[in-house]
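S.K.: any chance you can model this:
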Amino acid sequence: MSMRGHQLRLFEKKLKAMFDRIDVELEENWGDAYPLHPARAPFGTVGNPEHEGLFAVGASFSAGYGSDHGRGYVVETRMATLADVPDEVLEEIRRYVGRRCGELLPEYFPDRDLDVVRDGSVFKITGDLSLT
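M.R.: A predicted model of the protein is given here:
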């Protein structure tokens, strides 16, 4: 494995830890607001917040083509429910996730200049994404 691949795995491992922390907060604040999808494990039963409970928070890398903010990690917040969740509730949850990402990035990445920006309808983590 190359050093670059190792650095990428370390970076994304920190991102996952941060998203897992936010996921737990979402479960504490909104976890009982909507019925859980029947195929989804209840919160706290699997050992991985991404695969249990009402929420899953993560990110995928975007090269940034067509974006005013360029490349970055697009923050994804999903809800595992069959219920109709009002758009204003979804937006409140997304704003919470974006705000918490901005607050937690310096804690998880103290050596990097990262920021959270609104990019259309999504939030994106931008800044020093170098792997050196």
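S.K.: next structured bit after whichever helix in the chain runs longest?
M.R.: Secondary structure of the chain per DSSP state H: the longest helix is helix 3-30. Per DSSP states H and E, helix 3-30 leads on to strand 55-62 as the next helix or strand towards the C-terminus.
S.K.: show me which residues of that following strand are buried.
M.R.: For strand 55-62, the neighbour count (16 or more other C-beta atoms under 10 Å) marks F55, A56, V57, G58, A59, S62 as buried. Just so you know, the C-beta spots here come from the backbone N, C-alpha and C atoms, and that holds for glycine as well.
S.K.: from the middle of its chain, how far away would that strand be?
M.R.: Computed by C-alpha atoms, centre = their mean, to the nearest Å, the chain-centroid distance of strand 55-62 equals 5 Å.
S.K.: repeat for stretch 95-104
M.R.: Remark: stretch 95-104 is offset 9 Å from the chain centroid, using C-alpha atoms, centre = their mean.
S.K.: in that stretch, what counts as buried?
M.R.: Y96, V97, G98, R100, C101, L104.
S.K.: how about the first one, what does it touch?
M.R.: To tie it back to what came earlier, the one meant is Y96. E25, L26, N29 (C-beta atoms under 8 Å, 6 or more residues apart in numbering).
S.K.: most surrounded residue in those residues?
M.R.: L26 (23 neighbours; other C-beta atoms under 10 Å).
S.K.: gap between it and I93?
M.R.: 7 Å (C-beta to C-beta, to the nearest Å).
S.K.: show the average pLDDT along stretch 6-21.
M.R.: The average pLDDT for stretch 6-21 rounds to 93.
S.K.: list the buried residues for it?
M.R.: Quick answer for stretch 6-21 (16+ other C-beta under 10 Å): F11, L15, K16, M18, F19, R21.
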